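> Just to be clear, the model below is a prediction. Sequence and coordinates:
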Amino acid sequence: KAGVTQTPRYLIKTRGQQVTLSCSPISGHRSVSWYQQTPGQGLQFLFEYFSETQRNKGNFPGRFSGRQFSNSRSEMNVSTLELGDSALYLCASSLDSSGAEAFFGQGTRLTVV
Amino acid sequence: AQKVTQAQTEISVVEKEDVTLDCVYETRDTTYYLFWYKQPPSGELVFLIRRNSFDEQNEISGRYSWNFQKSTSSFNFTITASQVVDSAVYFCALNPGAGSYQLTFGKGTKLSVIP
């Protein structure tokens, strides 16, 4: 059974640009969540999607957005990139049951220069 | 509000020693879920265990064991006879349940096992 796949693995962008990250969940998992990991703030929840609807959102500015497609694949977008957006972005998928374990991808390492 | 505290930032042990990673959590929910994840240098978070708030039974899985105590809001993780491959960052996390799919993570404990 394939795990969670995130693409690309690495990205370098310039301040002011926008970026789109992709996540393919484990087959059968309909809940997809995104997290940002930085040395200073640790792992922080961005948002969670289920059936193409955002159910939960973390405390991030509107520059961070996402969406989910009918096949449960998800994308997140960051517009007007700032240096502080440099981070490891992790995607997780889980079954739709409260408290279900989340399975993570290897992440996308975004560097903003 | 949910909070998870991992007071140990870094731990170094010699191979074959036992090591315990501490986790203390705060929540007002009566139903919640606790998790441990391992993050090797590759970056992927690897799921280790899940516990719900109604199940305080301790668990052992091979060299790993977990001690969940609601009275002290702790969910500690012990590795017995540590190995070099155990070197990683370990995260404790809390999910409040009740329809929430958001994990609140601790800051992580970096474990280095020295051969």
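Here it is on my side, so go on.

> contacting residues around the worst-scoring helix or strand of chain A on mean pLDDT?
In chain A, no helix or strand scores lower on mean pLDDT, DSSP states H and E than strand A:53-57, which sits at a mean of 91. Applying C-beta atoms under 8 Å, 6 or more residues apart in numbering or on different chains, the set of residues contacting strand A:53-57 from outside is A:Ser33, A:Phe45, A:Leu46, A:Phe47, A:Glu48, A:Tyr49, A:Gly66, A:Gln68, B:Ser100, B:Tyr101, B:Gln102. All C-beta spots, glycine's among them, are computed from the backbone N, C-alpha and C.

> angle of the next helix or strand after it against strand A:53-57?
Following strand A:53-57 in sequence order, the next helix or strand is strand A:64-68 (DSSP states H and E). Angle, strand A:64-68 to strand A:53-57, by axes from the mean of the first three to the mean of the last three C-alpha atoms, to 10 degrees: 140 degrees.

> Quick check: buried residues in strand A:64-68?
By neighbour count on 16 or more other C-beta atoms under 10 Å in any protein chain shown, the buried set for strand A:64-68 is A:Phe64, A:Ser65, A:Gly66, A:Gln68.

> Next, format these as a markdown table and append pLDDT and distance to B:Cys23.
Below are the buried residues of strand A:64-68 laid out as a markdown table (pLDDT from 0 to 100; distance: C-beta to C-beta, whole Å):
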| residue | pLDDT | distance to B:Cys23 |
| --- | --- | --- |
| A:Phe64 | 98 | 28 |
| A:Ser65 | 97 | 32 |
| A:Gly66 | 97 | 29 |
| A:Gln68 | 97 | 31 |
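
> what residues does chain B put near chain A?
B:32-33, B:35, B:37, B:42-47, B:50, B:52, B:91, B:93, B:95, B:97-108 (C-beta under 8 Å from any C-beta of the partner chain).

> Just give the number of residues close to B:Asp29.
14 (other C-beta atoms under 10 Å in any protein chain shown).

> Find the helix or strand that it is a member of.
Under the criterion of DSSP H and E, B:Asp29 resides outside all helices and strands.

> which residue sits closest to it, ignoring its sequence neighbours?
Residue nearest to B:Asp29 in three dimensions, not counting chain neighbours: B:Pro96, with 4.7 Å by C-beta to C-beta, 6 or more residues apart in numbering or on different chains.

> In terms of pLDDT, where does that neighbour sit?
Note for B:Pro96: predicted pLDDT of 83.

> right, and it touches B:Tyr32 too?
Yes: at 5.1 Å, B:Pro96 counts as touching B:Tyr32 under the criterion of C-beta atoms under 8 Å.
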